[in-house]
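**Student:** turn this into a model:
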Amino acid sequence: VSIPRVRSCGPVLYRLLNSFNFSFSDVHVWLLILIVGSAAAIHYDCLPSKVLEGKETPSCLLNGVTLPTAEHLQNVTFSSNHAAVTMEHGHIPHFSTELAKKLPRVEDLSLIGMGVRTLLIWRSLKHLSAYNNSIETLEFDDGTGAKLGGEYELTSLVLNGGLLKSVPPLGSRFNRLKLLSLDNNLLEQVKLEDFVDLTHLQSLSLASNRLIKVEFGGSPDHAGTALLKLMHLSLADNQLLTLNTTGWEFGSLASLDLSGNNLYLLAGGLDSLGALKELRYARNDWNCEWLSKVQLHLTSEAIAIVDREPLGRCAESSMKELQGICCYEHAELDYSTDVFGTRWEQLAGLQRQYELLQYAHDVQTVKESEALVDEDRVFRSRLDRTNQAQDGLEHTLKHLQSNVAREVERMDRLSVGITRSMTELRRSLNDLYQLSIQPEPSLDAIRQQTATGSVKRIKAAIEKLRRGIREYAGSTEMRENRIQRLGERLAVVNGKILQFELENKLLEQRATDLEATVKMAFDLIDRNPSKPLATRGIA
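**Tutor:** Just a heads-up that it's a prediction; the model follows:
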């Protein structure tokens, strides 16, 4: 274990600990940190320098480095005069920029069983290896202090035994990368266009993931994928059913590993891989007719077959071995009597034609199945967009209905107010009329004054009534026009909703038909492609 030294805890305590000559384990280190306090600084020294496996130069080995929080990270120091550092059997959940700054001279970094979840790649790093961690996310040194668009120095990147669910977005800034290994992660689908910008990539390994599909990219009419310097490609121990090599522009590919999948055939074959010298393809379920043709190609091109089927695999399946790769079914026959006589040549020709037809049918079935799956994906995407549009229209309809309800309520309030004003006006007019028909008072001055005041009040009331009627008529006309427009818009929205509902039913019906067709296609793929010849009814 790399022994951390505690500083800033007082010379007395430091001399006391050194006098006992403790050999601390991880538990003792944590107890010491708790006793001294969070302000204590921890220094990690290298174990005696030695050449580690896979390294050409001695490496600084740091064992048991434990930095669970940012506070621990702030108080840690390392030996800073080493270009190669290996950390193992510790715990650093977040390998951040702050930690990278404490390793300024490191160009070759290895992290083994450190529990890393987030890992930073900085620009001066040349080799990075991480084994048996929990890496989910990569961070890059693209901050304000970094040169915008500048290239990284990294030439090899190994992230084996992590939790990656997608290929990290490396891009052209990692143009110097030669080796990339993402073994033992959680990848399910890979697009080869993710690696196109890595123009100097020589070795790519995606082994022991959960791959079910390897495709060119997002564009369905993608012309091809060019990795002209790639020499080694491994897709071993995944869950691939088919692999389309059409369009692969791998002019330097010398080694290809497809072992340990569920492959039935390679659409496109191996003809485009002119530099291929070594092939691994055991532990698959190859179509034997297709495999026979491929083996002729391998023999003619002197391509080495590195692996073989495990012993007993064919015997356990009641099969017989064919050149250590493919196993044929065989029937238990009585060979004491030649039941076919002189028809063996005819039967062999028919068998050959049948296998060729079966192979062509299987290839066409695979293409049609992939086309049906893609079409089903497109229709489901359109259905989702239609549902989203329908939800938006329904929301707009509810908003319009709410506006109409508020306008109706407002008109009701105005109508009530106008009715009340008319009632008060009638009452005032009645009062004035009653005053006018009463006998005139004896004094002329009082009569004239009363008549003049009444006439003024009547005129004022009539003018107020006229203004109220004009305002009511104007506001009523405006609201009627607005209600008419809202009604027309509501009718248009209802029409669109009916149209979307009809299209939705058609899409659902078509999706149901496609699901039945896809199920039928997969049933054809999953069935046993070869049957005994005798069942064909040949006399």
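
**Student:** which parts of stretch 107-124 are buried?
**Tutor:** By neighbour count on 16 or more other C-beta atoms under 10 Å, the buried set for stretch 107-124 is 107-112, 114-117, 119-122. The C-beta positions use only the backbone N, C-alpha and C, and glycine is treated the same way.

**Student:** which residues does the residue nearest the centre of the chain contact?
**Tutor:** Geometric centre of the chain, nearest residue: Ser166, 6.6 Å, by C-alpha atoms, centre = their mean. With contact taken as C-beta atoms under 8 Å, 6 or more residues apart in numbering, Ser166 is in contact with Leu187.

**Student:** thinking again about what came up before, how about a markdown table for the buried residues of stretch 107-124, with pLDDT and secondary structure added?
**Tutor:** Below are the buried residues of stretch 107-124 laid out as a markdown table (pLDDT from 0 to 100; DSSP: H, G, I helix; E, B strand; the rest coil):
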| residue | pLDDT | secondary structure |
| --- | --- | --- |
| Glu107 | 93 | coil |
| Asp108 | 94 | strand |
| Leu109 | 94 | strand |
| Ser110 | 94 | strand |
| Leu111 | 95 | strand |
| Ile112 | 95 | strand |
| Met114 | 95 | coil |
| Gly115 | 95 | coil |
| Val116 | 96 | coil |
| Arg117 | 96 | coil |
| Leu119 | 95 | strand |
| Leu120 | 95 | strand |
| Ile121 | 95 | strand |
| Trp122 | 94 | coil |
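
**Student:** rewinding a little: so the residue nearest to the centre of the chain: helix, strand or coil?
**Tutor:** Of the three states, Ser166 takes coil under DSSP: H, G, I helix; E, B strand; the rest coil.

**Student:** pull the residues that contact stretch 249-259.
**Tutor:** With contact meaning C-beta under 8 Å, 6+ apart, stretch 249-259 is reached by 202, 207, 224-237, 240, 243, 266, 272-284, 307.

**Student:** give me the low-pLDDT residue ranges for the stretch 251-400 of the chain?
**Tutor:** Applying pLDDT under 70 to the stretch 251-400 of the chain flags the ranges 312-348.

**Student:** which residues in it form strands?
**Tutor:** Using DSSP state E, counting those that start in this stretch, the strands assigned to the stretch 251-400 of the chain run over residues 255-257, 265-267, 278-280, 304-305, 319-322, 326-329.

**Student:** any quick ChimeraX command for the buried ones out of the contacts of stretch 249-259?
**Tutor:** Only the buried entries of the contacts of stretch 249-259 go into this ChimeraX selection, using 16+ other C-beta under 10 Å:
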select :202,207,225,227,229,230,231,232,233,234,235,236,237,240,243,266,272,273,276,279,280,281,282,283,284,307
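
**Student:** tell me who's in contact with Val116.
**Tutor:** Val116 neighbours (C-beta under 8 Å, 6+ apart): Ile92, Pro93, His94, Phe95, Ala130, Asn133, Ser134, Ile135.

**Student:** if I look at the residue nearest to the centre of the chain, how far off is Asp271?
**Tutor:** Distance, Ser166 to Asp271, by C-beta to C-beta, to the nearest Å: 31 Å.

**Student:** and Glu309, by the same measure?
**Tutor:** Distance, Glu309 to Asp271, using C-beta to C-beta: 24 Å.

**Student:** of the two, who's got more company?
**Tutor:** Taking other C-beta atoms under 10 Å, Glu309 and Asp271 do not tie; Glu309 has more neighbours (19 against 11).

**Student:** right, and the more buried one touches Tyr281 too?
**Tutor:** No: with contact defined as C-beta atoms under 8 Å, Glu309 does not reach Tyr281; the gap is 10.2 Å.

**Student:** avg pLDDT for the helix or strand containing Val492?
**Tutor:** Element membership of Val492, judged by DSSP states H and E, is helix 444-526. Averaged across helix 444-526, the pLDDT comes to 84.

**Student:** tell me which other helices or strands it touches.
**Tutor:** Using 3 or more C-beta pairs under 8 Å, 6 or more residues apart in numbering; DSSP states H and E, the elements in contact with helix 444-526 are helix 344-437.

**Student:** so which elements touch the helix it packs on?
**Tutor:** The contact analysis (3+ C-beta pairs under 8 Å, 6+ apart) places helix 344-437 against strand 265-267, helix 288-300, helix 444-526.

**Student:** which of those is buried the deepest?
**Tutor:** Scoring those by mean neighbour count under mean count of other C-beta atoms under 10 Å gives strand 265-267 as the most buried, with a mean of 19.

**Student:** and it, which strands flank it?
**Tutor:** Next to strand 265-267 in the sheet, as set by DSSP bridges, lie strand 242-244 (parallel).

**Student:** strand partners of the helix or strand following the partner strand, parallel vs antiparallel please.
**Tutor:** Per DSSP H and E, the first helix or strand lying C-terminal to strand 242-244 is strand 248-249. Here strand 248-249 is paired, per DSSP bridges, with strand 225-226 (parallel).

**Student:** in stretch 390-408, which residues are buried?
**Tutor:** Across stretch 390-408, burial judged by 16+ other C-beta under 10 Å covers Gln390, Leu393, Leu397.

**Student:** ok, which of the helices and strands packed on helix 344-437 comes nearest Ala371?
**Tutor:** Among the helices and strands packed on helix 344-437, the nearest to Ala371 by C-beta to C-beta is helix 444-526 (9.4 Å).

**Student:** how much space between the residue nearest to the centre of the chain and Pro93?
**Tutor:** Plainly put, Ser166 is 20 Å away from Pro93 if you go by C-beta to C-beta.

**Student:** before we move on, what about Thr512?
**Tutor:** Distance, Thr512 to Pro93, using C-beta to C-beta: 48 Å.

**Student:** and for Ser205?
**Tutor:** Per C-beta to C-beta, Ser205 is found 26 Å from Pro93.

**Student:** those two - which one has more neighbours?
**Tutor:** Using other C-beta under 10 Å as the criterion, Ser205 and Pro93 rank with Ser205 on top: 19 against 15.

**Student:** for the stretch 101-250 of the chain, what spans make up the helices?
**Tutor:** Under the criterion DSSP state H, counting those that start in this stretch, helices are not mapped anywhere in the stretch 101-250 of the chain.

**Student:** what residue spans form the domains of this protein?
**Tutor:** As assigned by automatic domain parsing, the chain contains the domains 38-329, 346-526.

**Student:** circling back to that earlier point, turn the helices and strands packed on helix 344-437 into JSON lines, including distance to His82.
**Tutor:** Shown next, in JSON lines, are the helices and strands packed on helix 344-437 (distance: least, C-beta to C-beta, whole Å):
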{"stretch": "strand 265-267", "distance to His82": "47"}
{"stretch": "helix 288-300", "distance to His82": "47"}
{"stretch": "helix 444-526", "distance to His82": "55"}
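
**Student:** just give me how far the helix holding Val492 sits from the chain centre.
**Tutor:** Offset of helix 444-526 from its chain centre (C-alpha atoms, centre = their mean, to the nearest Å): 45 Å.

**Student:** tell me the angle that helix makes with helix 344-437.
**Tutor:** For helix 444-526 against helix 344-437, the angle by axes from the mean of the first three to the mean of the last three C-alpha atoms, to 10 degrees is 170 degrees.

**Student:** out of the helices and strands packed on helix 344-437, flag the one nearest Val158.
**Tutor:** Distance to Val158, taken as C-beta to C-beta, is lowest for strand 265-267 among the helices and strands packed on helix 344-437, at 27.6 Å.

**Student:** give me the phi and psi angles of Ile42.
**Tutor:** phi -110, psi 130 (degrees, to the nearest 10).

**Student:** and the gap between it and Thr66?
**Tutor:** To Thr66, Ile42 is 9 Å away according to C-beta to C-beta.

**Student:** ok, the buried residues of stretch 107-124 vs Arg380, which is closest?
**Tutor:** Arg117 (33.8 Å).

**Student:** for the closest one, give me its contacts.
**Tutor:** Taking C-beta under 8 Å, 6+ apart, one finds Pro93, His94, Asn133, Ser134, Ile135, Glu136, Thr137, Leu163 in contact with Arg117.

**Student:** of those residues, buried ones?
**Tutor:** For the contacts of Arg117, a burial check counting by 16+ other C-beta under 10 Å picks out His94, Asn133, Ile135.
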